[in-house]
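Participant: A predicted structure for the sequence below; I have some questions about it.
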Amino acid sequence: MRALAAAQGAATTIQAAWRMHTARQRFLRLRTAVIGLQAAARMRAAQERFVQQRHAATAIKAAWKGHVVRQELARQRSAAVHIQAYWRMELARRGYREQMAAVVALQAGVRGWLARREYLRVREAATAVQLMWRGRVAAAELARRADAYYSRLRQQQAELLLEISRQFMRK
């Protein structure tokens, strides 16, 4: 029994050692593959950075040349632009003054129209409220009068019934 248990323990130890050995081999192969992939990725990234830097240098050169040319054109046109700008400004001022006068007149007309429209709306609303209130007061007065009439009628009816009952009691 002990020999069997010892043999099983030894087999378990051997199996564990073998699993550890195969796992270690698998790990080492995987690590080597990952290191190779990382190196390839780093190389690819370095190549892309180099290409980007070369394109950036070309773009900077082109931008500088364009800047120099634009400055020269700006100097050449500066005098003409200043004269044209002055005359455009003067014409714009004249047009602005005319437009402002027209806008002020238009605004005054629109404000007057809006004020009249609002006044009429408020007046109609007030008239409607007054009409409803007067109708309500009239209905309340009519109800009060009807209640008074029916109250008197019930009182008269009660008095008549009392009188009739007294006459039957005497007989």
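Facilitator: That came through, no problem. Numbering: from 1, shown residues only.
Participant: mind listing what the most centrally placed residue in the chain touches?
Facilitator: Centroid-nearest residue in the chain: L114, 32.0 Å away (criterion: CA atoms, centre = their mean). Neighbour list for L114: empty [criterion: CB atoms under 8 Å, 6 or more residues apart in numbering]. The way it works is simple: take the backbone N, C-alpha and C, and place the C-beta from them, glycine included.
Participant: and the helix or strand where it lies, average pLDDT?
Facilitator: Using DSSP states H and E, L114 sits within helix 2-170. Averaged across helix 2-170, pLDDT comes to 93.
Participant: if we can go back for a sec, so how far is E124 from the residue nearest to the centre of the chain?
Facilitator: For L114, the distance to E124 (CB to CB, to the nearest Å) stands at 16 Å.
Participant: one more: L37?
Facilitator: Taken as CB to CB, the span from L37 to E124 is 84 Å.
Participant: quick one: distance of stretch 132-144 to the chain centre.
Facilitator: Remark: stretch 132-144 is offset 50 Å from the chain centroid, using CA atoms, centre = their mean, to the nearest Å.
Participant: same question for stretch 159-167.
Facilitator: That offset, for stretch 159-167, works out to 82 Å (CA atoms, centre = their mean).
Participant: cool, stretch 130-143 as well?
Facilitator: 49 Å.
Participant: same deal with stretch 21-35?
Facilitator: That offset, for stretch 21-35, works out to 55 Å (CA atoms, centre = their mean).
Participant: could I get the buried residue list for it?
Facilitator: Across stretch 21-35, burial judged by 16 or more other CB atoms under 10 Å covers no residue at all.
Participant: next one: L153 from D147, what distance?
Facilitator: 11 Å.
Participant: got it, and T58?
Facilitator: Taken as CB to CB, the span from T58 to D147 is 103 Å.
Participant: what do you get for R154?
Facilitator: From R154 to D147 the distance is 10 Å (CB to CB).
Participant: also W133?
Facilitator: 21 Å.
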